[in-house]
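K.L.:
structure for the following, please:
(chains A, B, C and D)
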Number of protein chains: 2
Amino acid sequence: MDRKHGRTRDGGTTRDGGASRRRGPELEDAILDAAWDVLVEHGYHGFTYEAVAARAGTSRPVLYRRWPQRDDLLLATLTKFWQPIAVPDTGSLRDDAIGFLHNADADRAGMITLMSVQLVDYFRDTGTSLSELRDTLIAPGQATPFEMIVARAVERGELPDVPRSSRVVNLPLDLLRHDMFMTMRAVPEESIVEIVDEVWLPLLGVPRAPPTTSA
Amino acid sequence: MDRKHGRTRDGGTTRDGGASRRRGPELEDAILDAAWDVLVEHGYHGFTYEAVAARAGTSRPVLYRRWPQRDDLLLATLTKFWQPIAVPDTGSLRDDAIGFLHNADADRAGMITLMSVQLVDYFRDTGTSLSELRDTLIAPGQATPFEMIVARAVERGELPDVPRSSRVVNLPLDLLRHDMFMTMRAVPEESIVEIVDEVWLPLLGVPRAPPTTSA
DNA sequence: ACCGTTAGATACAGTCGCGTATCTTAAGGA
DNA sequence: TCCTTAAGATACGCGACTGTATCTAACGGT
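P.N.:
Numbers count the residues shown, from 1 in each chain, chains lettered A, B, ... in the order given. You can find the predicted model right below:
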C-alpha cells in the first residue's frame, strides 16, 4: 500500500534510536515517567496521548491499550508521583513548621501543587475539584502534616492541650498554596517565615518575643 | 461556486434570526458580552474565536478584524467585566469583614475569581500569573479592601493604631480565594465566619468572648 | 439616491489531536 | 526451536480550530 514500516523510529526527543524493545512494567514505567514530564511541562492542556507517546518514544496505540481514557492515564501518573511531603521533627514547633513549608515549597511537592493548578481543565471536565482529588490521593483518616506537628508540640509541652480548629492548624499550608496559586512560582523563604511567625504562631498563642507569660 | 449566501443566519443559540445588522460599538459590546459568557462557562480552554463568534451570532472574521490575537480579545473582555467588589461600611470591623467576604463570594466577583482559575493556560502561555493580572487590572496605589476596613476600624477606635503586616490585614481574602481555588465553588457562609472569627479577629487582637482584658 | 464602509456568510488550506485498524517483528516462555 | 504475545509503526477518517480570502448586502452619512 505505502511505506509499510520503514524502521524510522527517531520519535523525537527521548528514546534512543536503539533496537531494544521494552515490555510490560518496564515500558509502563517509562510511559508514566514521560507522562509526568509532559504534565509538568505543558499542563493538562498539553497532556495528550500524542505528546505522551512521543515523549516516551512509543506510539499512541500502546497507550490506548493500557489506558483507554485520558483520565486513566492521568490518574495512573498522579498516583505514581504523588508522594507525601516530608514532615521534619526538630523538637521545635517553629522549626517544624518552617521546615515543612520549605519542603512543600522546594521539593517536587511544590511542583505538584503548581501542576495541580494546571489541572483546572480536568476539574472542569469531570466536575471535581482540587480538594476532592487530594482526598482521593491521600490516605483516608490520615493526620495532616500540621496536625502531626501540633500534636508533637503538645506532647513536648510546647503547646497547651486544648482543642483547635482544623482551619487554624492547617493554615500555613493553605497560605503557602495560595501564594503558589497566585504567583505560579516557588514561594520565597521570607514569605514562609512570615506565615509562621506573623500568622500561625501568634494564632496558637505563642508569643513572638521571649515568653513573658503575661501578667 | 456554491450557495453564495443563503440568509441562513440562525447561528445557534444567541442571536435572534432577525434581519438587523449591528455595527460599531453596539456590535463590539455584544461580542464582548458573548466572550465573557464563553469564558465563564468554558474557561480559557474553550475561549476560541469559533465559540465566541457563534455565541455572539457573528462570524470569525469580524472578531479577527478587531482583535487579531486571542490575548487582545481576552484582555478586552476582562477589562470590561472586571469590577471592584463592594466594601460595606457597617460601623463594625467584624461585620465589614464578613460582609465583604460575602460580597466577594456571592457577587459576580466570586465568578471572577473562579474564572481566573480557568486562565491558568493563559498564564502558561504568557508566562504571567494571577497576581500580575490582578495588578494590571486594579488601580495602582489603591488601598486593598481590607486595608480600608482596618483603617476605618482604627478611626473608630475599634482597633489600636499600630503597624500591621499586609499579610495579616489581607488574610481573609487570601483564605477565601484559597477555598475557592480548592473547591471550585462558592464558599459557604460558615467558612467565611470561621475565617473572620477564628483567624482574623484573634490575629488582630480582638477577643472572641466579651473582653476579659486578661489578668 | 448614491456610495463607501463593514457585517456577516462562506470557503479553503492547514494543523493537531482523536480513536481505531492493520501489519510487522521483537521478545520471551515452553 | 517454535509460537504466542504485544510493541511499535503506520494509515485513515474524523472533528475542532486557525487564519485568510472572497463575496454580498445592509447600514449610514452626504
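K.L.:
now do the strands in chain A.
P.N.:
Read by DSSP state E, chain A holds no strands at all.
K.L.:
next to DNA strand C, which bits of it? Give me the list.
P.N.:
Contact residues, chain A versus DNA strand C (C-beta under 7 Å from any atom of the strand): A:4-5, A:19-21, A:23, A:46, A:48-51, A:60-61, A:64, A:68, A:70. C-beta: built from backbone N, CA, C; applies to glycine.
K.L.:
right, and A:W36 touches A:K80 too?
P.N.:
Yes - the criterion here is C-beta atoms under 8 Å, and A:W36 meets it with A:K80 at 7.3 Å.
K.L.:
compare neighbour counts for those two and give me the winner.
P.N.:
A direct count of neighbours by other C-beta atoms under 10 Å in any protein chain shown for A:W36 and A:K80 places A:W36 higher, at 20 against 14.
K.L.:
give the contact list for that one.
P.N.:
Neighbouring residues of A:W36 by C-beta atoms under 8 Å, 6 or more residues apart in numbering or on different chains: A:77, A:80-81.
K.L.:
thinking again about what came up before, for chain B, state which of the residues of chain A next to DNA strand C is nearest.
P.N.:
Top of the list for closeness to chain B, among the residues of chain A next to DNA strand C and by C-beta to the nearest C-beta, is A:G46 at 8.6 Å.
K.L.:
ok, that closest one to B:P88 distance?
P.N.:
Shown here: A:G46 relative to B:P88, a distance of 43 Å by C-beta to C-beta, to the nearest Å.
K.L.:
show me the shaky parts of chain A.
P.N.:
Across chain A, the ranges flagged by pLDDT under 70 are A:1-19, A:107-127, A:137, A:139, A:208-215.
K.L.:
got the domain ranges for it?
P.N.:
Segmentation of chain A into domains, based on automatic domain parsing, reads A:24-81, A:93-204.
K.L.:
so which of those domains gets nearest DNA strand D?
P.N.:
domain A:24-81 (3.6 Å; C-beta to the nearest atom of the strand).
K.L.:
now do that closest one: distance from first to last residue.
P.N.:
This stretch, domain A:24-81, spans 19 Å end to end (C-alpha to C-alpha, to the nearest Å).
K.L.:
now check stretch A:147-166, is it near chain B?
P.N.:
Yes - under the criterion of C-beta under 8 Å from any C-beta of the partner chain, chain B is reached by stretch A:147-166 at A:S165.
K.L.:
in that stretch, what counts as buried?
P.N.:
Neighbour-count burial for stretch A:147-166, counted by 16 or more other C-beta atoms under 10 Å in any protein chain shown, picks out A:148-150, A:152-153, A:158-159, A:164.
K.L.:
what of stretch A:40-51?
P.N.:
By neighbour count on 16+ other C-beta under 10 Å, the buried set for stretch A:40-51 is A:40, A:42-45, A:47, A:49, A:51.
K.L.:
could you do stretch A:175-191 as well?
P.N.:
Neighbour counts over stretch A:175-191 (16+ other C-beta under 10 Å) mark A:175-184, A:187, A:191 as buried.
K.L.:
quick one: the helices in chain A, in order.
P.N.:
Here chain A has its helices, by DSSP state H, at A:24-42, A:49-56, A:60-66, A:70-81, A:93-106, A:108-117, A:120-126, A:130-137, A:145-155, A:166-169, A:171-183, A:189-194, A:201-204.
K.L.:
out of these, nearest to B:V196?
P.N.:
helix A:166-169 (11.1 Å; C-beta to C-beta).
K.L.:
one step back: show me the two of the buried residues of stretch A:40-51 that sit farthest apart.
P.N.:
Largest separation among the buried residues of stretch A:40-51 by C-beta to C-beta: A:V40 and A:Y49, giving 17.1 Å.
K.L.:
pretty sure A:P145 contacts A:P172?
P.N.:
No - the pair A:P145 and A:P172 does not pass the contact test of C-beta under 8 Å, sitting 9.1 Å apart.
K.L.:
which neighbours do those two share?
P.N.:
A:F100.
K.L.:
stretch A:160-179: how far from the chain's middle?
P.N.:
19 Å (C-alpha atoms, centre = their mean, to the nearest Å).
K.L.:
show residues contacting that stretch.
P.N.:
Applying C-beta under 8 Å, 6+ apart, the contact partners of stretch A:160-179 are A:97, A:100-101, A:104-105, A:113, A:144-147, A:150, A:154, A:187, A:191-192, A:195-196, A:199-200, A:203-205, B:171, B:174-175, B:177-178, B:181-182, B:194-195, B:198-199.
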